[in-house]
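S.K.: Task: produce atomic coordinates for the following.
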Amino acid sequence: MSDRAIFDKKNILVIGGAGFVGSHLCDELVKEAKVICVDNFLTGSDANIEYLHQNSSFEFINHDINVPIDLESRPELRDFKIEFQGVQEIYFLASPASPKFYNEYPIETMMVNSLGLNNALQLAVKYKAKLIYVSSPVVYGDLDVTKTVKESDMGAVDHLGPRAVYSEAKRFGETLVNNYRLRFDLDTKIVRVFNCYGPKMKLDDGRMMPELIKSALNHKDLVVFGQANDVGSYLYISDLIQGLLAVASSGETGPLNIASDAKYKFSEVAAKIIELTKSRASIVYHDRESLMSEQLLADITQIKENLGWFPITLLDQGLKEIVDYLSAQKGVLKPE
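M.R.: Next comes the predicted model:
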């Protein structure tokens, strides 16, 4: 099968394409490619891709990737001519990513990063397609949080601990991708995405940014898990998408950190959210719960130097976008 488009556009498969990151990726890819979005709505939402249904270069398939899929037999993909053109690229984002959701769906999280990922890799072998696996900094395990982590760093992971579901799933996923690359000479890429935020996150996502914004919108205390002077970094979704595209078009195999290198104190982030929402809430600091890890800060030297990518969205700009989005989302949800 050719690794180049026979017709006018490439066929790109986005697995987990109705989720937060996946839907933004579909938005961008469909501008120049034909996009097949596969999702089973475990944590994704049709609202994220609703307007794309009208685009002739976009097709959605409601499917659990843990079950193999035969793209050539799907009547809705007739115009994609997969039997002749195949698939050129596969992005794998099919996994719960918030502690709230991977704690709610632990077995599903493990299975999609093993069985589901294996099915995606089988498709990559069949079509000689490029595969981009979206991983996480949880693979680094317990490291010194005062230092930035490089791709070569590795700490201990408690495989039976409260966060083990996600960390072990992603560690296994990276190993599986790497071994498919070696055995089948596949073009695969592994990226580790740090603390991304932006529109299309759920108001009840459970991660820091939506939780603080939800509290601010409801004029309830903003509960920050950690101390006022603890430092984090926050990657806006549009910067992540450009990073994924840069990695996909490169000769890199990874793993590569994709993160913001701008650092902010937790107190600064909470204060900015209160200001943007005009909230009457106060900020309260609380010890971390068992599912929460301390924020790791990423060294992004590799992706900067090798690909020329770096984040450009300022926190004030990104926060305004997500506050506007979640404010509108709050308006259509029932009160708690």
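
S.K.: Glu168 reaches Val157, doesn't it?
M.R.: Yes: in this structure, Glu168 is within contact of Val157 by Cβ atoms under 8 Å, at 7.0 Å. No exception for glycine: its C-beta is placed from N, CA and C like everyone else's.

S.K.: who's more crowded, these two?
M.R.: More crowded of Glu168 and Val157, by other Cβ atoms under 10 Å: Glu168, with 21 against 17.

S.K.: pLDDT score for the more buried one?
M.R.: What the model reports as pLDDT for Glu168 is 95.

S.K.: buried set for the helix or strand of the chain with the lowest mean pLDDT?
M.R.: When the helices and strands of the chain are scored by mean pLDDT, DSSP states H and E, helix 99-104 comes last with a mean of 85. Buried residues in helix 99-104, defined by neighbour count with 16 or more other Cβ atoms under 10 Å: 99-103.

S.K.: Now the residue sitting furthest away from the middle of the chain. Nearest residue, chain neighbours left out?
M.R.: Ranking residues of the chain by C-alpha distance from their mean position (Cα atoms, centre = their mean) puts Arg280 at the top, at 32.1 Å. Excluding its sequence neighbours, the residue lying closest to Arg280 (Cβ to Cβ, 6 or more residues apart in numbering) is His219, at 4.6 Å.

S.K.: how far away is the one you found from Ile322?
M.R.: Noted for His219: a distance of 18 Å to Ile322, by Cβ to Cβ, to the nearest Å.

S.K.: Between the two, which is the more surrounded one?
M.R.: With neighbours defined as other Cβ under 10 Å, His219 and Ile322 compare such that Ile322 has more, 22 against 13.

S.K.: so that one makes contact with Lys200?
M.R.: No: applying Cβ under 8 Å, one finds Ile322 not in contact with Lys200, separated by 9.2 Å.

S.K.: ok, back up a step: quick one: distance of the least confident helix or strand of the chain to the chain centre.
M.R.: Centroid displacement of helix 99-104 relative to its chain, using Cα atoms, centre = their mean, to the nearest Å, is 15 Å.

S.K.: So which elements touch it?
M.R.: Here helix 99-104 touches helix 164-184, going by 3 or more Cβ pairs under 8 Å, 6 or more residues apart in numbering; DSSP states H and E.

S.K.: Just give me how far the helix it packs on sits from the chain centre.
M.R.: On Cα atoms, centre = their mean, the centre of helix 164-184 falls 16 Å from that of its chain.

S.K.: buried residues in that helix?
M.R.: Quick answer for helix 164-184 (16+ other Cβ under 10 Å): 164-171, 173-174, 176-178, 180-181.

S.K.: Check stretch 315-332 too.
M.R.: Using 16+ other Cβ under 10 Å as the test for burial, stretch 315-332 gives 315, 318-319, 321-323, 325-326, 329.

S.K.: Run through the protein and note the low-pLDDT ranges.
M.R.: For the chain, residues meeting the criterion pLDDT under 70 lie at 1-7, 145, 288-294, 330-336.

S.K.: Okay, helices next: where are they in it?
M.R.: Along the chain, the stretches classed as helices by DSSP state H are 20-29, 82-85, 99-104, 106-111, 117-127, 164-184, 208-217, 237-248, 266-277, 301-307, 315-332.

S.K.: who does the longest one touch, helix- and strand-wise?
M.R.: So that's helix 164-184. helix 99-104, helix 106-111, helix 117-127, strand 130-135, strand 188-193.

S.K.: now the helices of the chain in JSON lines, with distance to Val149?
M.R.: As requested, those are exported to JSON lines (distance: least, Cβ to Cβ, whole Å):
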{"stretch": "helix 20-29", "distance to Val149": "21"}
{"stretch": "helix 82-85", "distance to Val149": "39"}
{"stretch": "helix 99-104", "distance to Val149": "19"}
{"stretch": "helix 106-111", "distance to Val149": "22"}
{"stretch": "helix 117-127", "distance to Val149": "23"}
{"stretch": "helix 164-184", "distance to Val149": "14"}
{"stretch": "helix 208-217", "distance to Val149": "18"}
{"stretch": "helix 237-248", "distance to Val149": "17"}
{"stretch": "helix 266-277", "distance to Val149": "19"}
{"stretch": "helix 301-307", "distance to Val149": "11"}
{"stretch": "helix 315-332", "distance to Val149": "21"}
